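Engineer: A predicted structure for the sequence below; I have some questions about it.
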Amino acid sequence: MSQIEYDEQDMEFDNLHTIENFTGIYEDPVTMVVEESLSNSLDAGASNVDIKTEINSGESSVSFLDDGPGMNALQFADYQVGSRSTKNKEIGLGFAGIGSKLYAGKYHKTKIITETFDGKKQLACSFYVKDGKYKVAQRKPLHKFTKPGTFYKVILSDEDYYYLTNELDRILIDQFNGAMLNGLNITVNDNKIKAWSPATTKKQTGTISFRGKKLRYNFYLLKDDFPQRWKNLNYQIMGKTIDRKQLEFINEVKAEYHEKIYVTVDALPLKFLLKTDKSSFIARKFREYNKAITKEVHSIVKGLGLLSNNTPNKLLNNVLTKAFAKLLSDPKYAWLNPHATILTPGPKQPSTRVTSTGSRTGCTTGTKRPTTAKGLVIAVSDSPNNNLDGWLDVQNNTLVINVSHPLYLKFESSTTTLQYHYARVVVSVLVDYGSTKKSMTVKEAIQLQTEMLTKVKDELWL
């Protein structure tokens with residue numbers, strides 16, 4: 001029999017504390033101000049956005065004026081309610097109903113002013129913090145509209161104001177370059193922002209169909225390298241860059257093309273995976289779509305003859321494995337060869353899928369070791385939930401390098417650095433294994449690692 005509950009009422013929230021918590025969704029609150037404002041303008045169908053930064057009567061501020069259709073009375077009333085939005089999560093960029101009001105979560109002295117005109121009536125309100133509460137108040141319109149649009153102004157802390165005045169152009173080009181190429185005009189203090197337009201030697205357009213979603217892409221082979229802070233794969237919604245990804249096979253590409261392969265993907269069909277910060281996707285679900293796009297790009301790159309003969313698989317097979325096989329054949333280091341002594345396996349590592357292998361093709365952790373295996377096998381595994389950069393799979397006599405580890409992901413865009421990372425992981429795993437057979441001090445272990453790397457350096461491709 002269920003219990004009878006009495007005195008039912010709506011649960012209350014500390015609205016300021018909630019806003020402060022939401023602010024943590026965003027990497028940088030002042031960048032959030034720019035991204036949220038421009039995203040709202042794009043959603044509204046604006047063609048022009050005029051941004052101004054100024055210091056007036058000791059107050060630093062940034063403002064945005066767009067030429068969208070403005071909000072009517074009902075829309076403006078909804079706008080003033082936290083987390084209420086009439087926008088469709090499947091369409092456009094805005095959906096959570098909080099982004100434009102969040103800066104107060106960081107800077108309590110702010111005032112966020114919004115004025116709008118739908119061609120019939122001008123409306124205005126302010127958001128601010130008072131007595132530990134987040135307030136909203138109606139106000140007299142001050143901006144004089146000559147046509148429909150929305151005006152949005154945020155009082156900034158001095159620190160954020162000076163950061164924004166130095167970084168605003170970069171933020172706009174990094175995040176809204178696609179929108180500007182698509183026709184959005186942005187001015188900052190009456191100066192038009194010029195979008196980065198890729199000069200190409202080859203362009204190809206296509207569509208990938210995956211899991212019921214059609215993703216349209218543009219492949220560019222650039223004459224010059226793309227900006228250093230950017231990456232090969234650029235996922236955009238309405239021209240706003242949501243995510244950038246390094247190509248997973250970048251080290252198969254000839255070095256001179258690493259920063260000349262540039263791809264934009266219209267990710268609007270993936271809007272349902274968009275996180276609240278509008279700067280990333282839900283990683284687990286997004287990964288499969290990214291793999292489908294990557295496969296298509298790999299096919300294009302291969303067709304253009306841009307792949308090197310030295311793929312990571314060949315490097316592991318022909319260079320790294322051979323170098324360490326030679327080292328472990330030296331009696332001085334033979335005791336570090338896991339195949340030299342049969343061990344009882346310790347706790348099993350998380351099950352992973354091996355994406356490339358050493359000399360024994362198709363080896364997967366967790367399978368029975370063939371009796372013909374005589375030397376050390378080096379494999380790579382895509383194991384994002386494993387916090388180790390490498391480990392020893394004793395059952396398969398396989399040394400595994402984790403290509404989802406943050407260190408690998410950090411170094412993957414630099415061929416030489418990644419090659420050193422491969423070698424370092426192999427040595428550290430072997431020395432860690434050796435410590436189970438022979439007691440070593442930390443100093444001795446470090447010296448042994450350095451000695452082994454020095455021994456194999458001339459055998460590697462560094």
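Structural biologist: Perfect, I can see it now.

Engineer: Look at the nearest residue to residue 438 once chain neighbours are set aside and tell me its secondary structure.
Structural biologist: Excluding the flanking residues, the one nearest residue 438 by CB to CB, 6 or more residues apart in numbering is residue 335, at 7.0 Å. All C-beta spots, glycine's among them, are computed from the backbone N, C-alpha and C. Of the three states, residue 335 takes helix according to DSSP: H, G, I helix; E, B strand; the rest coil.

Engineer: Over to stretch 245-256 now: how far is its first residue from its last?
Structural biologist: Length of stretch 245-256, first residue to last, CA to CA, to the nearest Å: 19 Å.

Engineer: Then stretch 261-276?
Structural biologist: Start to finish, the residues bounding stretch 261-276 are 29 Å apart (CA to CA).

Engineer: Distance from that stretch to the middle of the chain?
Structural biologist: From the chain centre to the centre of stretch 261-276 is a distance of 11 Å (CA atoms, centre = their mean, to the nearest Å).

Engineer: For the helix or strand that contains residue 52, what does the pLDDT average out to?
Structural biologist: Residue 52 belongs to strand 48-56 when assigned by DSSP states H and E. Taken as a whole, strand 48-56 has a mean pLDDT of 96.

Engineer: Enumerate every residue touching the residue nearest to residue 438.
Structural biologist: By CB atoms under 8 Å, 6 or more residues apart in numbering, the contact list for residue 335 reads 434, 437, 438.

Engineer: among the residues you listed, which are in helices?
Structural biologist: Residues of these located in helices (DSSP state H): residue 434.

Engineer: Report the buried members of the contacts of residue 335.
Structural biologist: Applying 16 or more other CB atoms under 10 Å to the contacts of residue 335, the neighbour count classes residue 434 as buried.

Engineer: And the lowest mean pLDDT element among the helices and strands of the chain?
Structural biologist: The least trusted helix or strand in the chain, going by mean pLDDT, DSSP states H and E, turns out to be strand 353-356, with a mean of 35.

Engineer: related to what we said a few turns ago, buried ones in the strand holding residue 52, by neighbour count?
Structural biologist: Neighbour-count burial for strand 48-56 flags 49, 50, 51, 53 (criterion: 16+ other CB under 10 Å).

Engineer: Tell me which other helices or strands the helix or strand harbouring residue 124 touches.
Structural biologist: Element membership of residue 124, judged by DSSP H and E, is strand 122-130. Judged by 3 or more CB pairs under 8 Å, 6 or more residues apart in numbering; DSSP states H and E, strand 122-130 is in contact with helix 73-79, strand 111-117, strand 133-138.

Engineer: Can you classify residue 68 as helix, strand or coil?
Structural biologist: Three-state call for residue 68 (three-state DSSP): coil.

Engineer: Repeat that for residue 103.
Structural biologist: Per three-state DSSP, residue 103 ends up helix.

Engineer: OK, contacts around it?
Structural biologist: For residue 103, the contact set (CB under 8 Å, 6+ apart) comprises 23, 29, 30, 32, 33, 110, 112, 154, 156.

Engineer: Apply 10 Å and report the result again.
Structural biologist: Shown in contact with residue 103 (CB atoms under 10 Å, 6 or more residues apart in numbering): 19, 23, 26, 29-30, 32-33, 36, 62, 110-112, 127, 154-157, 160.

Engineer: can you check residue 54 too?
Structural biologist: By CB under 10 Å, 6+ apart, residue 54 lies in contact with 60, 61, 62, 63, 153, 161, 165, 189.

Engineer: Those: which two are farthest apart?
Structural biologist: For the contacts of residue 54, the farthest-apart pair by CB to CB is 153 and 165; their separation is 15.4 Å.

Engineer: between those two, who's got more neighbours?
Structural biologist: A direct count of neighbours by other CB atoms under 10 Å for residue 153 and residue 165 places residue 153 higher, at 20 against 17.

Engineer: now for the helix or strand that contains the more buried one, which elements pack on it?
Structural biologist: Residue 153 is part of strand 149-156, with elements assigned from DSSP H and E. Packing partners of strand 149-156 (3 or more CB pairs under 10 Å, 6 or more residues apart in numbering; DSSP states H and E): helix 29-44, strand 48-56, strand 59-66, strand 111-117, strand 122-130, helix 158-181.

Engineer: Adding distance to residue 248, write these out as CSV.
Structural biologist: Output for the helices and strands packed on strand 149-156, formatted as CSV (distance: least, CB to CB, whole Å):
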stretch, distance to residue 248
helix 29-44, 27
strand 48-56, 36
strand 59-66, 37
strand 111-117, 41
strand 122-130, 43
helix 158-181, 22
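
Engineer: Surely residue 427 is in a helix?
Structural biologist: Yes - judged by three-state DSSP, residue 427 forms part of a helix.

Engineer: What are the buried residues along stretch 237-250?
Structural biologist: The neighbour-count check on stretch 237-250 (16+ other CB under 10 Å) flags 237, 238, 239, 240, 241, 242, 243, 245, 247, 248, 249, 250 as buried.

Engineer: Residue 163: neighbour count?
Structural biologist: When neighbours are defined as other CB under 10 Å, residue 163 has 16 of them.

Engineer: ok, the nearest residue to it once chain neighbours are set aside - contacts?
Structural biologist: Once flanking residues are discounted, residue 163 sits nearest to residue 30: 6.1 Å by CB to CB, 6+ apart. If a contact means CB under 10 Å, 6+ apart, then residue 30 has 62, 103, 106-107, 154, 156-157, 159-161, 163-164, 167-168, 171 as its contacts.

Engineer: I'd like to know which of the residues you listed is nearest to residue 73.
Structural biologist: Of all these, residue 154 has the smallest distance to residue 73: 23.4 Å, by CB to CB.

Engineer: Buried ones in stretch 272-283, by neighbour count?
Structural biologist: Buried residues in stretch 272-283, defined by neighbour count with 16+ other CB under 10 Å: 273, 274, 277, 278, 279, 281.

Engineer: For the residue nearest the centre of the chain, list the residues it contacts.
Structural biologist: Centroid check for the chain by CA atoms, centre = their mean gives residue 243 as the closest residue, at 4.9 Å. Neighbouring residues of residue 243 by CB under 10 Å, 6+ apart: 231, 233-237, 265, 267, 270, 273-275, 279-281, 283, 286, 290.
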